[in-house]
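Asker: I would like the atomic coordinates for the input below:
(chains A and B, ligands or ions: 2)
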Amino acid sequence: MQSADKNIQWYQSRFEAFEQSLNGEKSKPVHTVRRDAIRRFAQNGFPTTRQEEWRFTNISPITKIEFQPILQYELQGIGRNDIRKYLLDRAVHAVFVNGMFSSELSDIGTLPQGVVVGSLAESLKKHPGKVQPYIARLIKGEESAFTALNTAFMWDGGFISIPKDMVLDRPIQFLFLATNHELAYAAQPRNLIVAGAKSQCKVVETYVGLAQNIYLTNTVTEIVLGENSYLEHDKLQLENMNAFHIGTAQLQMNVASHYTSNAVSLGGSLVRNNITAVLDAEDSECTLNGLTLSTGTQIIDNHTAIDHAKPHCNSHELYKAILDGRSKGVFNGKIFVRKDAQKTDAKQTNKTLLLSDNATINAKPQLEIFADDVKCTHGATIGQLDDEQLFYLRSRGIDLAAARDILTFAFAGDVINRITIEPLRQQVERMIHDRLDVRQSGIEEG
Amino acid sequence: MSLLEVKNLHASVNGKEILHGINLQVNIGEVHAIMGPNGSGKSTLAGVLAGREAYIVTEGQVLYQGKNLLEMDPEERAREGVFLAFQYPVEIPGVNNSYFLKAALNAIRKHKGLEELDAIDFLSLLKQKTKLVDMNESFLNRPVNEGFSGGEKKRNEIFHMAVLEPTLAILDETDSGLDIDALKTVSEGVNKLRSKENATIIVTHYQRLLNYIVPDFVHVLVDGIIVKSGGKDLAIKLEELGYDWVREETVHAV
Ligand SMILES: Nc1ncnc2c1ncn2[C@@H]1O[C@H](COP(=O)(O)OP(=O)(O)OP(=O)(O)O)[C@@H](O)[C@H]1O
Ligand SMILES: [Mg+2]
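Answerer: Residues are numbered from 1 along each chain as shown, chains lettered A, B, ... in the order given. Ligands and ions are numbered 1, 2, ... in the order given. This is a model prediction of the structure:
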């Protein structure tokens, strides 16, 4: 208990320092939200494995460290050359250093009339009317300690506002860089995407660790989808192998809105991704796809929750994991179908490929259905590479290592192929191939 | 010259002996047919030759081009020119047919000290080979065998063979699942691939296939042993009299 108290005291003291740095900003309405959040955090503290939501993921490596929340922007000598390989061709680039917007590294260019892309902090000043009504509104009851902490220290992050009827042809990329530092720090970007009625756009969040230091990324993205809007929201997580990453996305869907998430997790020593979608309007459609590739002692946990609150909504979910080494995967997929949500069509698929005998997965579909006229299916498989398939490839001349790579890649393929941003899809393919090549050379040496 | 020499081959699966001493010699340029009732060990023999791990060789030896075949990994055998057309071709979701063949062909070419084919040359080779087995080009971009009908899978096996141009092809019941027209075109394809530089072992139940691909030798495999060998007439006689006839003859002979 004592260490839990110490954690709380630490972040409370950091909050006080943060408050002092805010000066006049403290009187703004958003600050009440921060104060409430630190209070809630102090009440509950960090979760333990005794809590159902965290049963399989022990976060003590995170609570052992006193992370210093980043309170201001510092470029830290990073140049565009350092980040070029992460930038997506043709995209609008908003770059963040340890959670803070970097005007030096970003390249927003000229945007169509009414579109805002950039810093949350700046947008809150310049366009309070576009930010204030939405910020920190979506996450309520089931908030986690990490989300509360993010809200308490809410300052900067990515902001996108798309006016109604706007169809954006260029994707928008948020590139979050974690820099080298002696200090164990917490980068806590707070992102907000507001898509107007009938608008269409594609957004990518890329998280990159530039060095091998220990840090925590604790990120929250809130998304509001207007009527008949379309959003593809992709996430590529490339933190370094010593880093911690807690990512939460919370979305609210309006009538006939369409949301697709493709989340690829490759990095991090301890990773937790949460996506919660509330389908609180008829005819909306939500698709969640995920791909995890882990090795060594990585722990990658994906929690999704889809709440069908209104009739005639569809949700599709495909989560795949490829686990190697002694890594550990967790998948928890909740689907709620409320009493009113008749004619719901929900499908969840979760597949895990174990490349090593020491890798483990805890997969838990969790369907709670209170309506009677609905179609809900779920399926989970856990397996190894198929011997018959391996033999077939080998019998045509392909060596064992290459055959394993081909089949592993094929397993990942149907998630990768759902990414419609071509440069991102290619980037993900390349990274997975690189990962498999490293594995192969490791096997040959070992 | 002898391409393949199987000598007193005994093989087991899950501790049970299936092959009880097979002797077989295949010379370059020849076509051999192996016939026999269900469960007699035909696919087991084919699998042992291709390097299927589940089959344990307990006795005997197999020489291929004078080398110990049983010591080689399956991929090495393939690169040395051994090809097995599967009785039950395997579906490989997510791997498209042409990508698969490119990986296979380039692995074989590399082994032979040849340069890898570039994309354009490879594609024109594929297109030319689809014609040989009268296969629609749309199958090139589909995942290997996934959702193919039984007959389409068999045709695809022969297509792979056409692309990889093996020295020793073992066709395990390639005729089953093919309709009459398909049987004809696929057989014609196999015949076109026949040359003085290669040899074929055809495993089949039916004499019908042997009307199209005429064998030099026919062997009858019963209960894990070759009980009778002869020319192509043996297949006709088998078709008329059934396997019981050979079984009885063997009993009498003993
Ligand atoms: N993995 C296995 N485990 C147990 N028994 C096996 C296995 N594989 C083959 N067998 C047995 O070995 C025997 C020979 O099988 P094989 O497939 O070689 O027969 P076949 O001559 O090809 O038959 P068919 O004409 O039906 O294709 C059968 O009795 C079969 O049940
Ligand atoms: Mg058989």
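Asker: tell me how chain A divides into domains.
Answerer: In the assignment given by automatic domain parsing, the structural domains of chain A cover A:2-281, A:387-446.
Asker: what's the least confident stretch among these?
Answerer: Among the domains of chain A, domain A:387-446 has the lowest mean pLDDT, at a mean of 90.
Asker: can you tell me the closest non-neighbouring residue to whatever residue of chain A ends up closest to ligand 2?
Answerer: Across chain A, the shortest distance to ligand 2 (C-beta to the ion) belongs to A:Glu388, at 14.7 Å. Backbone N, C-alpha and C define where each C-beta goes, glycine included. Ranked by C-beta to C-beta, 6 or more residues apart in numbering or on different chains and with sequence neighbours excluded, the top spatial neighbour of A:Glu388 is B:Val90, at 5.1 Å.
Asker: okay but the one you found is in contact with B:Asn145, surely?
Answerer: Yes - taking contact to mean C-beta atoms under 8 Å, the distance of 6.4 Å between B:Val90 and B:Asn145 places them in contact.
Asker: between the two, which is the more surrounded one?
Answerer: In terms of neighbours (other C-beta atoms under 10 Å in any protein chain shown), B:Asn145 is the more surrounded of B:Val90 and B:Asn145; the figures are 22 against 18.
Asker: that one and chain A, how far apart?
Answerer: Plainly put, B:Asn145 is 9 Å away from chain A if you go by C-beta to the nearest C-beta, to the nearest Å.
Asker: if we can go back for a sec, so the residue of chain A closest to ligand 2: helix, strand or coil?
Answerer: On the three-state scheme (DSSP: H, G, I helix; E, B strand; the rest coil), A:Glu388 is labelled helix.
Asker: could you report the neighbour count for it?
Answerer: Here the neighbour count serves as a burial measure; for A:Glu388 (other C-beta under 10 Å) it reads 13.
Asker: that one contacts B:Glu91, correct?
Answerer: No - proximity of A:Glu388 to B:Glu91 does not meet the contact threshold set by C-beta under 8 Å, at 9.3 Å.
Asker: now what about the host helix or strand of A:Ala410, what contacts it?
Answerer: Taking DSSP states H and E as the criterion, A:Ala410 maps to helix A:400-416. Among residues not part of helix A:400-416, those counted as contacts by C-beta atoms under 8 Å, 6 or more residues apart in numbering or on different chains are A:262, A:264, A:289-291, A:293, A:318, A:320, A:322, A:351, A:353, A:355, A:385-386, A:389-390, A:393-394, A:398, A:425, A:428-429, A:432-433, A:436-437, A:440, A:443-444, B:73, B:75, B:92-95, B:100, B:103, B:107, B:143.
Asker: the stretch 201-350 of chain A: strands as residue ranges?
Answerer: Listed in chain order, the strands of the stretch 201-350 of chain A (DSSP state E, counting those that start in this stretch) span residues A:216-225, A:230-238, A:244-253, A:258-265, A:270-279, A:285-294, A:299-308, A:314-323, A:328-337, A:345-354.
Asker: B:Ile22 is nearest to which of those strands?
Answerer: Among the strands of the stretch 201-350 of chain A, strand A:345-354 comes nearest to B:Ile22, with 38.1 Å by C-beta to C-beta.
Asker: that closest one pairs with which strands, parallel or anti?
Answerer: According to DSSP bridges, the neighbouring strands of strand A:345-354, each with its direction, are strand A:314-323 (parallel), strand A:375-383 (parallel).
Asker: list the contacts of B:Leu132.
Answerer: Contacts for B:Leu132 were tallied using C-beta under 8 Å, 6+ apart; they are B:Phe159, B:Ala162, B:Gly189, B:Lys192, B:Leu193.
Asker: number of nearby residues for the closest residue to A:Asp280 other than its chain neighbours?
Answerer: Once its chain neighbours are removed from consideration, A:Asp280 has its nearest residue in A:Ala309; the separation is 4.4 Å (C-beta to C-beta, 6+ apart). For A:Ala309, the tally of surrounding residues (other C-beta under 10 Å) stands at 19.
Asker: backbone dihedrals for A:Ala309, please?
Answerer: In terms of degrees, to the nearest 10, the main-chain angles of A:Ala309 are phi -100, psi -20.
Asker: contact partners for it?
Answerer: Contact partners of A:Ala309, counting by C-beta under 8 Å, 6+ apart, are A:Val278, A:Leu279, A:Asp280, A:Phe336, A:Arg338, A:Asp340, A:Ala341.
Asker: would you format those as JSON lines with neighbour count included?
Answerer: JSON lines is the format used below for those (neighbours: other C-beta atoms under 10 Å in any protein chain shown):
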{"residue": "A:Val278", "neighbour count": "19"}
{"residue": "A:Leu279", "neighbour count": "31"}
{"residue": "A:Asp280", "neighbour count": "17"}
{"residue": "A:Phe336", "neighbour count": "19"}
{"residue": "A:Arg338", "neighbour count": "18"}
{"residue": "A:Asp340", "neighbour count": "13"}
{"residue": "A:Ala341", "neighbour count": "24"}
